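> Pasted the sequence and its predicted model underneath.
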Amino acid sequence: DLLRYGLRATAPEQERELLRLAADWHREHGRVDDAAEYLLQAEDWSPVIDLVKAEGGRYFARGEASRLLRWMGQVPDDVLLADQGAVLATVALHSMCGSSLAGEALLDRFEGGAGFDAAGEAFAAANRAAWISYHASPAAAGAAATEALALLDGGVTFPDGPFLSVFTPMATRALAALCLAAAQSARGEHDRARASLEEVVRAPGTPAWLVHALAETAWIEVATGHLQAAVAAARRALAVAEEAGLAEHTAVAVAHFALARVGLEQGDAVGADAHLVTGVARARLNNRYNVLSFEWAERAHAALIAGRAIDGLEVIARARAEGRPVFFPTVEARLVAMKARLHLLTGKPATAEAVLEAHEGLVTAEVLGARAATAVAEDDTVTLRKVVEDWPALEGDEPASRLPRGLWTAVLQERDGDRRQALATLGRVVVEAEREGWVRLFLDAGGEVVRLLRALYHAAPTPFLRTLCEGEAPVTHVTAPNLVE
């Protein structure tokens, strides 16, 4: 240091050369962090950029992208904007670190000037698609993903090598397909999302993308009612993450949210809470605001299960006051349904009806179920009949839609005076629900459903029916559907 201070006063260029030599020595000995610091002190920007491009993959894999972003943040704008690769590396680092809006601003600045070549356009579009986890709408992210896929499938190559030494064309294509799936899932297009995710699982490009794809698959499976498949996909995501050293990586967040949602549906509130806490912690690592929004409906559902209606309504109020990006259509629909159910719990069906009437977004099975529950609470058989008879076959008639439709059909049949048919209909629902371990489907539906369950239990008692009638939780296993006590 004494030599450097002397050189700075008498021969500043020699000081910079000394710093460059120190950087070279440290890099040769594997001390990349020290090498970068010497280059930054020397204000030798091109080697800094080259270092980030070369070492990006290692830091990305270790979850230390913020260090690279700090280095790139010291590069002067005129130097940065003169290098397409440097711009794209910085944009990608912003996304990894949760500052996606800053990445978007930088991308807009560069595109407003020199613009990108074909490889740069493909990678820029993939980055815009990746903002589906942060601030982008499903429409914007989906369009960007489609653009990236079209360019890459059209034969675009990366002549200068992988971006950040990790984003090969295959890895970039997997990222775009993954983000397209997330956008499709956010709009409730689950079949299309599954197809996109299958592509990623076959050719993930990086272990992190495989974890993301399996986690998103788990979320889709629980949303469509396939609880056992959701658990299998989530556990596989966590196992892959553990094996790849990504157990505490942000990629596992959605897997934990999926397991939390399954836990609530199956009656394991304690296990669900543990997964929610972990999922939130992982998503907060890089401020994945859109992903963090998944928490709110699960917290509201937990309050509903516990009978704490006011707490649940406060959860939803806080969600709306956060000032975050507009909720995904599926998240918004789930929050509306939960809010209506919570008002029913407080004994205010008229308020629940008003909440549902004000909803102009995506109509999901949960929204329809809340409408049916509200009609029953208001003793409005006419509206209940309309809800049941108009209930569409959502997304290929998945269990999440088919089961509640059958449940409310049974309630309608009971109201029409045909108990025998009502019990037969509900019996079929119970048999299918038992295979997946559904509990809250029945227990959240209200008194008329519980009375039918008790009648069904008296006619043909099974352990699962006893669990439903007694409101026992958690359900730790799935019993054989034909076993009669």
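Done, it's in.
> shaky segments in the stretch 351-485 of the chain?
394-396, 472-485 (pLDDT under 70).
> where do the strands sit along it?
Remark: no strands are assigned in the stretch 351-485 of the chain by DSSP state E, counting those that start in this stretch.
> again, but for the stretch 1-150 of the chain
Going by DSSP E, counting those that start in this stretch, the stretch 1-150 of the chain shows no strands.
> Quick one: neighbours of the closest residue to G471 other than its chain neighbours, just the number.
Spatial nearest neighbour of G471, excluding adjacent residues (C-beta to C-beta, 6 or more residues apart in numbering): L443 at 5.9 Å. To be clear about C-beta, it is placed using only N, CA and C from the backbone, and glycine gets the same treatment. Applying the criterion other C-beta atoms under 10 Å, we find 20 residues in the vicinity of L443.
> Please apply the same query to the one 3 residues further on.
Residues lying near G446 (other C-beta under 10 Å) number 18.
> Cross-check the contact I'm expecting between it and L344.
Yes: if you go by C-beta atoms under 8 Å, G446 and L344 touch, sitting 7.4 Å apart.
> which residues do those two both contact?
A373, A377 (C-beta atoms under 8 Å, 6 or more residues apart in numbering).
> who touches G446 in this structure?
So G446 contacts L344, A373, V376, A377 (C-beta under 8 Å, 6+ apart).
> let's go with 10 Å and repeat that
R341, L344, L345, A372, A373, T374, V376, A377, V411 (C-beta atoms under 10 Å, 6 or more residues apart in numbering).
> Check the gap between the second one and E198 for me.
L344 sits 39 Å away from E198, going by C-beta to C-beta, to the nearest Å.
> Which of those two has more residues huddled nearby?
The residue with more neighbours, out of L344 and E198, is L344; 23 against 13, by other C-beta under 10 Å.
> Can you tell me how far the more buried one is from G406?
Distance from L344 to G406, by C-beta to C-beta: 20 Å.
> on that earlier part again, my read is that the residue nearest to G471 contacts L407, right?
No: L443 is beyond contact range of L407, at 11.3 Å (criterion: C-beta atoms under 10 Å).
> So for E28, what's the pLDDT?
In the prediction, the pLDDT value recorded for E28 is 87.
> how far away is it from L68?
The separation that E28 has from L68, given C-beta to C-beta, amounts to 20 Å.
> quick one, which of the two is more surrounded?
L68 (27 against 9).
> I'd say that one and A36 touch.
Yes: counting by C-beta under 10 Å, L68 does reach A36; the two are 8.5 Å apart.
> Now the common contact residues for those two.
Common neighbours of L68 and A36 (C-beta under 10 Å, 6+ apart) are V48, L51, V52, E55.
> and those residues as CSV, adding pLDDT, distance to A89 and neighbour count?
Below are the shared contacts of L68 and A36 laid out as CSV (pLDDT from 0 to 100; distance: C-beta to C-beta, whole Å; neighbours: other C-beta atoms under 10 Å):
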residue, pLDDT, distance to A89, neighbour count
V48, 92, 11, 25
L51, 92, 11, 19
V52, 92, 6, 26
E55, 88, 11, 20
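> of all the residues you listed, which comes closest to W438?
E55 (48.4 Å; C-beta to C-beta).
> Would you mind listing the residues in contact with the closest one?
R27, V32, D33, A35, A36, R67, L68, W71, L164, S165.
> Include distance to L81 when you put those into TSV, please.
Converted to TSV, the contacts of E55 look like this (distance: C-beta to C-beta, whole Å):
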residue	distance to L81
R27	26
V32	25
D33	26
A35	24
A36	21
R67	22
L68	18
W71	17
L164	18
S165	22
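> Just the buried ones from these, in PyMOL syntax?
To isolate the buried ones among the contacts of E55 in PyMOL, judged by 16 or more other C-beta atoms under 10 Å, type:
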select buried, resi 27+32+35+36+67+68+71+164+165
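> from the contacts of E55, which has minimum pLDDT?
Within the contacts of E55, pLDDT is lowest for R27, at 86.
> Please tell me how far the residue lying closest to that one once chain neighbours are set aside sits from W71.
Distances taken as C-beta to C-beta, 6+ apart put A35 closest to R27, at 4.0 Å, once the chain neighbours are dropped. According to C-beta to C-beta, A35 stands 10 Å off from W71.
> With L80 instead?
Counting by C-beta to C-beta - L80 and W71 are separated by 11 Å.
> ok, now A319?
From A319 to W71 the distance is 36 Å (C-beta to C-beta).
> which residues sit in contact with the nearest residue to A303 once chain neighbours are set aside?
Nearest residue to A303 in three dimensions, chain neighbours excluded: G312, at 3.2 Å (C-beta to C-beta, 6+ apart). Residues near G312 by C-beta under 10 Å, 6+ apart: 297, 299-306, 338-339, 341-343, 345-346.
> likewise G263?
222, 227, 231, 269-276, 298, 302, 473-475.
> which residues of the stretch 201-350 of the chain score low on pLDDT?
Those would be none, if you go by pLDDT under 70 across the stretch 201-350 of the chain.
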